[in-house]
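Visitor: Let's see this in three dimensions:
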Amino acid sequence: MERVRLAIFDWDGTLMDSVGRIVSCVQGAARDCGDEVPEPQSIHQIIGLSLAVGIPRLFNLAEGSERAQALIARYRHHYLHDKTPSPLFAGARELLSGWQAQGIGLAIATGKSRRGLDRVLDEMGLRPLFAASLGADEANSKPDPLMLTQILHELGFTPHQAVMIGDSIHDMAMAEALQMPRIGVTWGVHDRARLAEYHPVAIVDTMDELRQLLG
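Guide: Below you'll find the model as predicted:
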């Protein structure tokens, strides 16, 4: 791996401990719409995808169908009002600040919408740390690599000058499609075995392990 000049992060389950909130909101949407409430483990499999792709896949619906749109609308309603805590993972802020101070560029490629990402970046005071970010409504859903391609083009880097960091197989597959180095983290939705299927350069269990890889 060349010297890393750009670290591209997933958001939910990688930097923010928001998986519990996402599960709660999907389950609330299902109850509102009279659907069978999915188990958390099933919901984990679609975290990282755009809502337009993930919700139909979870509920076995056609993308863009009226039923899928209703579930998405109720999910968004719940996400604005759900009280499940979703803090940054311990050490995330320090890792980001430290890497930026070392001259490593930072970016975000997330399944969140632009509106949702902007809101959380402002709430956390993290916007100044990131040179670029893309949400799910600004590119094709993961694992399509378009999101990464757009970030690389905007910032002027090649895939081998960057690294994708994420907790899901969707993050790993997206980076693998560009032959971009990738690092899996095990504190999110997918375990070590599933992440390893996509040949990451490393899989880490703690934020400190991740910091040391580029520190």
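Visitor: Just list the residues touching the closest residue to residue 145 other than its chain neighbours, thanks.
Guide: Closest residue to residue 145 in three dimensions, ignoring its sequence neighbours and counting by CB to CB, 6 or more residues apart in numbering: residue 177, at 4.2 Å. In this view, the C-beta of every residue, glycine as well, is placed from N, C-alpha and C. By CB atoms under 8 Å, 6 or more residues apart in numbering, the contact set of residue 177 is 143-145.
Visitor: got CSV for those, with pLDDT, distance to residue 105 and neighbour count too?
Guide: As requested, these are exported to CSV (pLDDT from 0 to 100; distance: CB to CB, whole Å; neighbours: other CB atoms under 10 Å):
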residue, pLDDT, distance to residue 105, neighbour count
143, 96, 23, 19
144, 97, 22, 16
145, 97, 18, 22
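Visitor: what's the following helix or strand after the longest helix belonging to the chain?
Guide: The longest helix of the chain (DSSP state H) is helix 66-81. Counting by DSSP states H and E, the next helix or strand C-terminal to helix 66-81 is helix 92-101.
Visitor: contacting residues around that following helix?
Guide: Residues from elsewhere that reach helix 92-101 (CB under 8 Å, 6+ apart): 7, 15-16, 106, 124, 126, 129, 207, 210-211, 214-215.
Visitor: what does stretch 27-42 give?
Guide: Contacting residues not belonging to stretch 27-42 are listed as 23, 26, 43, 55, 58-59, 67, 70-72, 74-75, 77-78, 82 [CB under 8 Å, 6+ apart].
Visitor: neighbours around residue 196, how many?
Guide: For residue 196, the count of nearby residues is 14 (other CB atoms under 10 Å).
Visitor: which SS class is the nearest residue to it once chain neighbours are set aside?
Guide: Nearest non-adjacent residue to residue 196, counting by CB to CB, 6+ apart: residue 203, 6.4 Å away. Judged by DSSP: H, G, I helix; E, B strand; the rest coil, the three-state class of residue 203 is strand.
Visitor: need the contact list for residue 203.
Guide: Going by CB under 8 Å, 6+ apart, residue 203 touches 183-186, 192, 195-196.
Visitor: same question, residue 112
Guide: By CB under 8 Å, 6+ apart, residue 112 lies in contact with 11-12, 120, 135-136.
Visitor: so which pair among the residues you listed is furthest apart in space?
Guide: Greatest spatial distance among the contacts of residue 112 (CB to CB): 120 and 136, at 13.7 Å.
Visitor: Mind checking which of the two has more residues around it?
Guide: residue 136 (24 against 20).
Visitor: what's the spacing between that one and residue 174?
Guide: Using CB to CB, to the nearest Å, we find residue 136 at a distance of 12 Å from residue 174.
Visitor: so what sits against both of these two?
Guide: Counting by CB under 8 Å, 6+ apart, the shared contacts of residue 136 and residue 174 are residue 142.
Visitor: just to revisit the earlier point, from the contacts of stretch 27-42, which two are the most distant?
Guide: 67 and 82 (21.6 Å).
Visitor: quick one: the strands in this structure?
Guide: Using DSSP state E, the strands of the chain run over 6-9, 105-109, 132-134, 162-166, 182-185, 202-204.
Visitor: Just the CA coordinates for the longest helix of the chain, please, in CSV.
Guide: Only the C-alpha atoms of helix 66-81 are listed here, as CSV (Å, rounded to 0.1, in the frame of the first residue of the first chain):
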residue,chain,number,x,y,z
GLU,A,66,-45.5,2.6,-2.9
ARG,A,67,-45.0,0.3,0.0
ALA,A,68,-41.3,0.9,0.0
GLN,A,69,-41.8,4.6,-0.1
ALA,A,70,-44.2,4.5,2.8
LEU,A,71,-41.7,2.5,4.9
ILE,A,72,-38.9,5.0,4.0
ALA,A,73,-41.0,7.9,5.0
ARG,A,74,-41.9,6.4,8.4
TYR,A,75,-38.2,5.5,8.9
ARG,A,76,-37.2,9.2,8.3
HIS,A,77,-39.9,10.3,10.7
HIS,A,78,-38.7,8.0,13.4
TYR,A,79,-35.0,9.0,12.9
LEU,A,80,-35.8,12.6,13.6
HIS,A,81,-37.6,11.7,16.9
